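# no FASTA, just this:
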């Protein structure tokens, strides 16, 4: 578990209100629910620069659900998180995909998790990271800072399937080619992160094959992180844990924003009913101001609940070793 230390000088000595870490650039008044809120207030013009996100920030692509704030979205989120009854500990982790360079959105993502002092599993595409990009990543998320769970996200994030759904490590790629890509990705990760990367593999598009499992076993990976159960068919024990993703925030395909927001909250509620560690995946390059504000509020609400454990990949690996 991560401590409740607050980074006091993140954006200066401000008081706290219900406006959120990102300034409220849209009109969505929050209705009080009788609880005392403690989330950071930012002036519209002052603190965005310190967070790395400019007021005019617009991602090239974002899901319909984030195009504009759903009416009373904060109240709906509060109700989902705070009124969810549970007779067991809720274990949740956050995973950020497609990490390969810095930039405003990446810097803001790191600032938010740093403010809450909560861990974030960073899925890095090794082939994307040059020397300059490595410097950008470490400027926003220093290697010595224990919040970041650096791990491998494929090799190049390229689709090799000639048909069907996209996959870099699908059933149409032979063992030798999968081995080459995963091995060279792992070697580069060791160099980039000075041996501090975790033996966890997140395949692009959350898809892999039985061949991928065999390669990962031979390379001594300890876990994968995907949305579905591991493929069946191996005669020998897998020896790999699956840190499953149960909620995708930013690559949603539904066209009706309000209906999809309600569906997102239903998926969050279902996640909170599960006993095993369950993941929420982030794609920072698809996040606009509303998406960042939602994430900040979600982290705040989850952290308030005493029965919620917000875990790092390292902690989950240690739990797997003990079981």
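Thanks, I have the structure now. Because the structure is a prediction, the values reported are computed rather than measured.

# for the stretch 101-250 of the chain, what spans make up the strands?
For the stretch 101-250 of the chain, strands defined by DSSP state E, counting those that start in this stretch occupy the ranges 120-124, 148-152, 200-201, 223-224, 241-242, 245-248.

# closest to residue 70 out of the ones you listed?
Taking C-beta to C-beta, strand 245-248 is the member of the strands of the stretch 101-250 of the chain nearest to residue 70, at 16.4 Å. Where C-beta positions appear, they are placed from N, C-alpha and C, glycine not excepted.

# centre of the chain to that closest one, how far?
Chain-centre distance of strand 245-248: 9 Å, with C-alpha atoms, centre = their mean, to the nearest Å.

# show me what the helix or strand just after that strand is in contact with.
Once the chain leaves strand 245-248, the next helix or strand it forms, by DSSP states H and E, is helix 257-272. Helix 257-272 has contacts (C-beta atoms under 8 Å, 6 or more residues apart in numbering) with 63-68, 70-71, 73, 76-77, 80-81, 84, 86, 90, 92, 246-247, 249, 252, 254, 278, 280, 298, 308.

# now, these that are in helices?
Residues of the contacts of helix 257-272 located in helices (DSSP state H): 73, 76, 77, 80, 81, 298.

# looking at it, the fifth one is touching residue 301, isn't it?
Yes. Under the contact definition of C-beta atoms under 8 Å, residue 81 touches residue 301, with a separation of 4.2 Å.

# picking up where we left off before, could you identify the most distant pair in the ones in helices among the contacts of helix 257-272?
The distance between the two most remote of these (C-beta to C-beta) is 12.5 Å, for 73 and 81.

# residue 97 should be in a helix, yeah?
No. Using DSSP: H, G, I helix; E, B strand; the rest coil, the assignment for residue 97 is strand, not a helix.

# so where is the stretch 201-323 of the chain shaky, pLDDT-wise?
Residue ranges of the stretch 201-323 of the chain with pLDDT under 70: 235-237.

# center of this protein, which residue is that?
A centroid search over the chain (C-alpha atoms, centre = their mean) returns residue 95, at 2.7 Å, as the residue closest to the centre.
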